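> Sequence first, predicted model second:
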Amino acid sequence: MAKDRDKDLRGKVVIVTGGARGIGAATARAFRAAGAQVVIADIDKEALEAAESSIHPAKVAYLDVTSRASFELLFDDVEATLGPIDILVNNAGIMPMMKVTEIPDALADRVLDINLRGVILGTRVALSRMLPRRSGHIINMSSTLGEFVGPGLSDYCASKFGVIGFTDSARYELKGTGVDLSLVLPGQVNTELVAGIRKAKGLGLASPESIADAIMGLARRPRRRVYSPLTFAAIAIGFKLLPRGLGEGMLTALGGRTIVDSIDSAGRRAYDERIRAGIDKSQG
């Protein structure tokens with residue numbers, strides 16, 4: 001019934017940040033299959049080269065989401081070569097897993113800089129281009145961990161809580177401007193972010209492609225937010241509505257209290273080394 005109201009994505013100019021891996025790459029591939037002009041933006045140049053050869057987007061581009069100047073350069077280049085930006089997917093993010101008393105300050109800062117500040121910067125720069133045209137759509141990646149808690153993920157949860165608050169507030173402020181803002185809240189997804197982490201009891205891993213499908217649904221028909229998979233929506237809603245003791249008991253039953261103590265360090269080493277290397281580059 002609603003098919004005839006869905007937006008046609010053919011020819012649309014779409015930027016996906018953190019687009020060279022995981023959910024970002026799956027999303028870029030899905031937009032390309034829908035006929036969009038896809039720009040994969042990422043800080044990892046080797047991953048960009050691999051994505052370019054496997055996905056064949058309209059463009060790949062270096063992007064440091066913690067820098068407004070980097071966003072401005074990217075947007076200027078895309079608009080000069082492909083045209084006005086129709087959709088921005090703020091997907092870039094990192095997820096170190098360490099106890100709140102053990103995570104180094106520099107790494108905690110990096111989580112907030114990429115996951116939250118990067119979304120804020122990308123949104124603001126995109127709005128400066130979209131609002132004068134009264135057209136555009138910004139899709140911000142949060143997490144169901146932006147609505148309940150995860151031991152070993154205090155800074156990650158803080159960043160994703162922040163993305164929800166920022167996006168919801170901006171959406172309310174911008175109502176009637178012609179620009180849409182949406183949120184995506186994934187659960188456990190089979191990407192390198194969960195490498196070496198024991199999965200929640202009774203809950204499987206979603207595929208990056210299933211999250212990409214949710215993003216595509218938002219792009220075709222903008223709305224406030226989407227959860228994927230829906231089992232995690234039930235957990236988030238339950239955690240918010242239940243008394244605190246019952247909500248925390250539900251998370252404990254899913255294994256939340258012991259996850260941080262059962263990390264497979266060897267299985268997670270490659271990912272941890274890569275995100276720590278990003279700190280060294282930013283400080284060097």
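Yep, that arrived.

> and residue 221, how many neighbours does it have?
Neighbour count for residue 221, taken as other C-beta atoms under 10 Å: 14. In this view, the C-beta of every residue, glycine as well, is placed from N, C-alpha and C.

> Now do stretch 211-220: everything it contacts.
When contacts are defined by C-beta atoms under 8 Å, 6 or more residues apart in numbering, stretch 211-220 is touched by residues 6-7, 9, 12, 14, 23, 26-27, 29-31, 34, 87, 89, 137, 139, 182, 184, 186, 189, 226-228.

> Could you rerun that using 6 Å?
6-7, 23, 26-27, 30, 87, 139, 182, 184, 186, 189, 226, 228 (C-beta atoms under 6 Å, 6 or more residues apart in numbering).

> how about the CA coordinates for stretch 103-113, as CSV?
Extracted C-alpha coordinates of stretch 103-113, given in CSV (Å, rounded to 0.1, in the frame of the first residue of the first chain):
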residue,chain,number,x,y,z
ILE,A,103,40.2,2.6,29.8
PRO,A,104,42.9,5.1,28.9
ASP,A,105,41.7,8.7,28.7
ALA,A,106,43.0,9.1,25.2
LEU,A,107,41.0,6.1,24.0
ALA,A,108,37.8,7.2,25.9
ASP,A,109,38.2,10.6,24.2
ARG,A,110,38.6,9.0,20.8
VAL,A,111,35.3,7.1,21.3
LEU,A,112,33.4,10.4,22.0
ASP,A,113,35.3,12.2,19.2
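
> Residues contacting it, please?
66, 96, 155-156, 159, 279.

> For it, what does the pLDDT average out to?
Averaging pLDDT along stretch 103-113 yields 95.

> Also stretch 226-243?
72.

> Mind listing what's buried along stretch 144-152?
144-148, 150-152 (16 or more other C-beta atoms under 10 Å).

> low pLDDT regions in the stretch 51-200 of the chain?
190, 192-200 (pLDDT under 70).

> let's go with 90 and repeat that
95, 97-99, 144-153, 187-200 (pLDDT under 90).

> Please, where are all the helices along it?
Applying DSSP state H, counting those that start in this stretch to the stretch 51-200 of the chain gives helices spanning 68-81, 105-112, 118-130, 154-173.

> Could you point out which of these sits nearest residue 51?
helix 68-81 (15.4 Å; C-beta to C-beta).

> tell me which strands and helices that closest one is in contact with?
helix 118-130 (3 or more C-beta pairs under 6 Å, 6 or more residues apart in numbering; DSSP states H and E).

> try it again with 7 Å
strand 59-62, helix 118-130 (3 or more C-beta pairs under 7 Å, 6 or more residues apart in numbering; DSSP states H and E).

> Would you mark the buried spots in stretch 122-141?
122-123, 125-127, 129-130, 136-141.

> So for that stretch, could I get the coordinates as PDB, restricted to C-alpha?
Output of stretch 122-141 as PDB, limited to C-alpha atoms (Å, rounded to 0.1, in the frame of the first residue of the first chain):
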ATOM      1  CA  GLY A 122      28.700  15.700   9.900                       C
ATOM      2  CA  THR A 123      25.100  16.700  10.700                       C
ATOM      3  CA  ARG A 124      26.000  20.400  11.000                       C
ATOM      4  CA  VAL A 125      28.000  20.500   7.800                       C
ATOM      5  CA  ALA A 126      25.300  18.600   5.900                       C
ATOM      6  CA  LEU A 127      22.600  21.000   7.200                       C
ATOM      7  CA  SER A 128      24.500  24.000   6.000                       C
ATOM      8  CA  ARG A 129      24.100  22.500   2.500                       C
ATOM      9  CA  MET A 130      20.700  21.000   2.800                       C
ATOM     10  CA  LEU A 131      18.700  23.700   4.600                       C
ATOM     11  CA  PRO A 132      19.100  26.300   1.900                       C
ATOM     12  CA  ARG A 133      17.700  23.800  -0.600                       C
ATOM     13  CA  ARG A 134      15.000  22.700   1.900                       C
ATOM     14  CA  SER A 135      15.800  19.100   0.900                       C
ATOM     15  CA  GLY A 136      18.000  16.300   2.300                       C
ATOM     16  CA  HIS A 137      18.100  13.400   4.800                       C
ATOM     17  CA  ILE A 138      20.600  12.700   7.500                       C
ATOM     18  CA  ILE A 139      20.700   9.200   9.000                       C
ATOM     19  CA  ASN A 140      22.600   8.900  12.300                       C
ATOM     20  CA  MET A 141      23.900   5.600  13.600                       C
END
